[in-house]
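> give the three-dimensional model of this entry:
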Amino acid sequence: MSEEIIKVLDNLGEKFGIAIDWTNQNVLPYLQDLMSRFIAYKNISAIIWIVVSIIFIILSITLGVIICKKIKNYYNDKQGYAWESDRNFGYGLTWFCAGTIILAFIIILFCNINGIFKNVYLPETIVIEYINNLTSMGG
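Take a look at the predicted model:
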């Protein structure tokens with residue numbers, strides 16, 4: 001385990017008034033197991049958000065196409081410039097809303113993919129950031 005994690009855990013222990021006996025043979029394996037479970041939790045959480053993002057992107061595109069077809073069918077019988085501008089406004093509003101949702105979930109998608117890469121290749125930094133956030137919240 002990284003020396004930096006041990007330092008952070010010692011600092012956290014000091015804040016809570018707990019001394020960690022690093023010579024005990026059970027401490028290090030337990031912390032390694034805890035760290036691996038924490039990283040697995042972060043990966044599963046990121047995968048769930050990736051799946052949700054993909055579902056919402058597909059759903060937004062599908063609903064955008066369906067709504068535009070409904071708008072086209074509604075204004076198909078009507079003639080004239082006024083009806084055409086209403087139809088175009090409907091298309092624009094539909095794709096603006098769908099595009100906003102798609103953009104938001106694409107950002108969420110890429111952030112979670114990046115998170116999985118960090119979890120796989122730099123798990124110590126994720127644990128250290130989490131522990132530091134916990135200690136900074138406490139005061």
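> report the distance from stretch 52-59 to the chain centre.
The gap between where stretch 52-59 is centred and where its chain is centred comes out at 13 Å by Cα atoms, centre = their mean, to the nearest Å.
> stretch 77-91 too?
Taking the mean of its C-alpha atoms, stretch 77-91 sits 39 Å from the chain's own mean (Cα atoms, centre = their mean).
> now that stretch: buried residues?
For stretch 77-91, the buried set under the neighbour-count rule, 16 or more other Cβ atoms under 10 Å, comprises 87, 90, 91. C-beta here means a position set from N, CA and C on the backbone, and glycine is covered the same way.
> equivalent analysis for stretch 46-56, please.
In stretch 46-56, counting by 16+ other Cβ under 10 Å, buried: 46, 49, 50, 53, 56.
> ok, stretch 96-108 next?
Neighbour-count burial for stretch 96-108, with 16+ other Cβ under 10 Å as criterion, is recorded at 98, 101, 102, 105, 108.
> now that stretch - C-alpha only, CSV.
Included here for stretch 96-108 are C-alpha records, laid out as CSV according to Å, rounded to 0.1, in the frame of the first residue of the first chain:
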residue,chain,number,x,y,z
PHE,A,96,-33.1,21.9,-28.8
CYS,A,97,-34.6,20.0,-25.8
ALA,A,98,-33.4,16.6,-27.0
GLY,A,99,-29.9,18.1,-27.8
THR,A,100,-29.6,19.6,-24.3
ILE,A,101,-30.4,16.2,-22.7
ILE,A,102,-28.1,14.4,-25.1
LEU,A,103,-25.2,16.9,-24.4
ALA,A,104,-25.7,16.5,-20.6
PHE,A,105,-25.6,12.8,-20.7
ILE,A,106,-22.6,12.7,-23.1
ILE,A,107,-20.7,14.8,-20.5
ILE,A,108,-21.8,12.4,-17.8
